[in-house]
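J.: No sequence on hand, only this structure:
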């Protein structure tokens, strides 16, 4: 999953949200340098990613991007899932997504001393360009595809990903609808478990 889903699946817990969002920027045992709540968010993030990658529906969704993008197909599906979460009326209205996005940025701002350097450099762009809210738009989602390419060592372009997204929109939406309830249930259980550690 990408930034919106990781924020949303932090269940209103500020430190867990911070850990959930910075996890990809915290390698190995460096997680122990953070407060306990942020460590729990890092653990939750990694569990969500493992569950997502192993899910049968995600494997089907990746097949749409795999011929062109191979190992990076999962990164594009993470963005796709965030688009459908942002537009899911069962999870967000436009107003609540806007409020959720602004609240997430404010939480990250309050915990800025814990943001790893690479995330801290990215965060002003995330906030000023309102990435979390703009996942609901086609152009915002396709801009995020461009971000995948910029961070990848072996990718050169995202135009093909944009075309695949548009051409397979209904199939990808169906995959999201089949997958996300399972993920949400898993993440809720995992959150309860880590809070008891």
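T.: Alright, I've got the coordinates. Source: prediction; values computed, not measured.

J.: what's the closest non-adjacent residue to residue 91?
T.: residue 85 (6.0 Å; C-beta to C-beta, 6 or more residues apart in numbering). Glycine gets a C-beta too; all of them are placed from N, C-alpha and C.

J.: again with residue 34
T.: Going by C-beta to C-beta, 6+ apart, residue 34 has residue 114 as its nearest residue, at 6.1 Å.

J.: and if you look at residue 132?
T.: Leaving out its chain neighbours, the residue that sits closest to residue 132 by C-beta to C-beta, 6+ apart is residue 101, at 3.9 Å.

J.: what about that neighbour, how many neighbours?
T.: 24 (other C-beta atoms under 10 Å).

J.: swap in residue 28?
T.: 6.

J.: coming back round to it: residue 137 versus the residue nearest to residue 34, what's the distance?
T.: Computed as C-beta to C-beta, to the nearest Å, the residue 114 to residue 137 distance reads 30 Å.

J.: so who does residue 32 touch?
T.: Residues counted as contacts of residue 32 (C-beta atoms under 8 Å, 6 or more residues apart in numbering) are residue 39.

J.: most residues in a single helix of this protein, which one?
T.: Across the chain, the helix with the greatest residue count (assigned by DSSP state H) is helix 169-195.

J.: okay, and for the protein, where does confidence drop off?
T.: Under the criterion pLDDT under 70, the flagged ranges of the chain are 1.

J.: who's in contact with stretch 86-94?
T.: For stretch 86-94, the surrounding residues in contact (C-beta under 8 Å, 6+ apart) are 4, 8, 85, 97, 100, 132-133, 135-136, 176, 180.

J.: which parts of it are buried?
T.: Residues 86-88, 91-92 are the ones in stretch 86-94 that count as buried (16 or more other C-beta atoms under 10 Å).

J.: same question, stretch 110-117
T.: By 16+ other C-beta under 10 Å, the buried positions in stretch 110-117 come out as 111, 114-116.

J.: okay, among these, which ones form the most distant pair?
T.: Pairwise distances among the buried residues of stretch 110-117 were taken by C-beta to C-beta; the largest, 11.7 Å, belongs to 111 and 116.

J.: helices or strands up against the longest helix of the chain?
T.: Using 3 or more C-beta pairs under 8 Å, 6 or more residues apart in numbering; DSSP states H and E as the contact test, the elements touching helix 169-195 are helix 36-54, helix 56-69, helix 73-86.

J.: List the buried residues for it?
T.: Buried residues in helix 169-195, counted by 16+ other C-beta under 10 Å: 172, 175-176, 179-180, 183-184, 186-187, 190-191, 194.
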